[in-house]
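Asks: A structural model of the following input is requested.
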Amino acid sequence: QVQLVESGGGLVQAGSSLRLSCVASGRTDGWYVRGWFRQAPGKEREFVAALDWSGRISYADAVEGRFTISRGSAKSTVSLQMNLLKPEDTAVYYCAHTGRRSIVPTQQRDYDYWGQGTQVTVSS
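Replies: Numbering: from 1, shown residues only. Model prediction:
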């Protein structure tokens, strides 16, 4: 079992920055893929970014160049630095984790564990 806890959400103005963190506990040793997804009101949850154990990174087109996913100093932590935030970035952001290797990191169904989410609100 893996437990995920997100933090760092909040209310900011357009153009601002936020840094989200996802701390994992439990069986997190070895290979993993850690992803960030978001769900805006009335919309389906969508992929934002993902990072695997080898360092390979993927981004959604909507956030490429503005968001950066990275590993923290603690192996259990993955962060999402969000710059130049836009009102359309408003959503609940979820951290997800899987220990499986052969997955498509953009697909929600390939992740086994999910955090509770953290709200990000960007005002215009």
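
Asks: once you drop chain neighbours, what's closest to the residue nearest to the spatial centre of the chain?
Replies: The centre of the chain sits closest to Trp36, judged by C-alpha atoms, centre = their mean, with a distance of 2.1 Å. With sequence-adjacent residues excluded and distances taken as C-beta to C-beta, 6 or more residues apart in numbering, Trp36 is closest to Val48, at 4.3 Å. Placement of C-beta: from N, CA and C, glycine included.

Asks: ok, now which ones touch that neighbour?
Replies: Going by C-beta atoms under 8 Å, 6 or more residues apart in numbering, Val48 touches Gly35, Trp36, Phe37, Arg38, Tyr59, Ala60, Val63, Phe67, Leu80, Tyr93.

Asks: and the furthest pair within these?
Replies: In terms of C-beta to C-beta, those reach their longest pairwise distance at Tyr59 and Tyr93, which sit 14.1 Å apart.

Asks: so these two - more neighbours on which side?
Replies: For Tyr59 versus Tyr93, the count of surrounding residues by other C-beta atoms under 10 Å is larger for Tyr93: 24 against 18.

Asks: A helix includes the more buried one, no?
Replies: No: assessed by DSSP: H, G, I helix; E, B strand; the rest coil, Tyr93 does not belong to a helix; its assignment is strand.

Asks: for it, which non-adjacent residue is closest in space?
Replies: In space, and not counting its chain neighbours, Tyr93 is closest to Arg38: 4.8 Å by C-beta to C-beta, 6+ apart.
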